[in-house]
Structures are given as structure tokens and as C-alpha cells.
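Turn this into a model:
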Amino acid sequence: MLPEFLVTMTTHVPDGTSQQAVDEVRAREAAHSRELAAAGHLLRLWRPPLAPGEWRTLGLFAAASSQELEEVLASMPLRVWRTDEVTPLSPHPNDPPDREPAPIQQGTPEFLTTFTLAIPDGTPQEIADITIAREAARARELAQQGHLIRLWALPPERGSTLGLWAASDAGQMREITESLPLAVWLSTDITPLTPHPSDPATAGKPAGKES
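Here you go, the predicted structure:
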């Protein structure tokens, strides 16, 4: 499996650009996204919460190296107006081995979580090891239920875990995170995601305007 990267893509269309030019670039971007998905480089696309007039997309990409990823991103038509923030992702031991896309097909909302673990000083190692083992077992349960889709380790300097989840709504997502054995030691940030029309996991379904 190729290394994976989370890319935050922020687009600023120059003032005075005609709507026709914007539409043409968007159409080329959508077509090229399909090509990148077919080549195995573009895995997922989402929209995070946006402020009025903001144009931002989250993408999950795969590439052999940071250099190859840059070549992939530079090949995208919207790059002429876009800045990209790249976060390398590493395998996580609790990442589900079976990545069944059924929740996505059913239209279940998705969420990204960032977990930062801080085990209190003085915690006996045995207690920490038992809790971490219970966390792994709970992750397997949540994956089997279709809630946990992916887990990655973020770069060491951030000391965090990135998760992709499916839940009926934000309330259920909070309940899921609170059910984790490590929850008492975790700082948790939840980002709701909305579908992107060029997302490879939902390609071919009715969608709104490309962005």
C-alpha cells in the first residue's frame, strides 16, 4: 500500500475571473480527479465546515513519496488558484483491516476526529497497557458496526491520531468517542464532513456543483 496523505486544499479565485473561466477549470478538475482516482492516487474527497465564500476541500491521497504527491497535486487544474497543506499519515495499529464502504453507500454522515493522548503522570504501566488493549478491542467492535472506517497516526511532533468515522449525527459521534476506553485521557476534536461531488467513494451519485 502506498503512503497516504491528508491534504487541505484552499482555493482563492482571483478577482475579476469570469464565471465561465471558473466553470471550465472546475469541469477540468472533476475530470482529472476521476483520472487520479483510477490511478490510485486520489482516495477520498470531503468538504469540511466552511465560512461564507470559503472554498476548501479535504483530500485523502496516496503516493510513493512527498515528491510524487507534489507532482499529483500540481497536475490538478485548480492548483493555479489553490494552496495545499499536506499532512503525512502513518499506519495505526487499530486501523480496520476490512474497509467496507457500506456506510458511505448508505449516505451515513462522516466525521474526522483528532485524538491527542496524555496519560497522567503516575499511572501504573499495567493500567495503561490494559486500557490500551481495551481501546484496540473497542476499535474492532466499532469497525464491525460500520462506525470506524480508518485510523492513522499523525506525525510524531503532533502526537495524535486521525480517525475517519460514520455516525448518524454529531450526537452519536460524541457518544462513540466517549465510549472509547482511552476517552478519559484523550483530547478530542471532531470535524463534520459533507460529501464532495468528486469523491471517488460516491462517484456516479447525484451531486451538487464541483468545488
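
Downstream of the helix-or-strand element of the chain with minimal mean pLDDT, the next helix or strand is which one?
Sorting the helices and strands of the chain by mean pLDDT, DSSP states H and E puts helix 102-105 at the bottom, at a mean of 49. Later in the chain than helix 102-105, the nearest helix or strand by DSSP states H and E is strand 110-117.

Pairing partners for that following strand, with directions?
In the sheet, strand 110-117 lines up against strand 160-166 (antiparallel), strand 186-195 (antiparallel) (DSSP bridges).

Quick check: buried residues in the longest one?
The one in question is strand 186-195. Leu186, Thr188, Ile190, Pro192, Leu193, Pro195 (16 or more other C-beta atoms under 10 Å). To be clear about C-beta, it is placed using only N, CA and C from the backbone, and glycine gets the same treatment.

Name whatever forms a beta bridge with the fourth one.
This points to Pro192. Phe111.

that older thread, compare the strands paired with strand 110-117 and give me the one nearest Ala128.
Across the strands paired with strand 110-117, Ala128 has its closest neighbour in strand 186-195 (13.1 Å, C-beta to C-beta).

mean confidence for the closest one?
Across strand 186-195, pLDDT averages out at 96.

export the strands paired with strand 110-117 to a markdown table and tack on distance to Arg140?
Below are the strands paired with strand 110-117 laid out as a markdown table (distance: least, C-beta to C-beta, whole Å):
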| stretch | distance to Arg140 |
| --- | --- |
| strand 160-166 | 14 |
| strand 186-195 | 18 |
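
wait, which of those is closest to Asp129?
Shortest separation from Asp129 across the strands paired with strand 110-117 is recorded for strand 186-195, at 16.6 Å, computed as C-beta to C-beta.

before we move on, the earlier item: would you mind checking which of the buried residues of strand 186-195 is nearest to Ala136?
Ala136 lies nearest to Leu186 out of the buried residues of strand 186-195, by C-beta to C-beta, at 14.4 Å.

residues contacting Ala64?
Ala64 is in contact with Leu2, Pro3, counting by C-beta atoms under 8 Å, 6 or more residues apart in numbering.

how close does Pro109 sit to Gly146?
In this view, Pro109 and Gly146 are 12 Å apart by C-beta to C-beta, to the nearest Å.

and if you look at Val7?
Counting by C-beta to C-beta, the gap from Val7 to Gly146 is 26 Å.

got it, and Ala63?
28 Å.

again, but for His41
Counting by C-beta to C-beta, the gap from His41 to Gly146 is 26 Å.

In terms of packing, which of the two has more residues around it?
Counted by other C-beta atoms under 10 Å, His41 and Gly146 do not tie: His41 has more neighbours, with 22 against 18.

Need phi/psi at that one.
Main-chain torsions, His41, degrees, to the nearest 10: phi -90, psi -40.

Contacts only, for it.
Neighbour list for His41: Phe61, Ala62, Ala63, Val72 [criterion: C-beta under 8 Å, 6+ apart].

Show the pLDDT at Thr201.
I think there's a mix-up here, since residue 201 is Ala and not Thr. So, for Ala201, pLDDT stands at 88.
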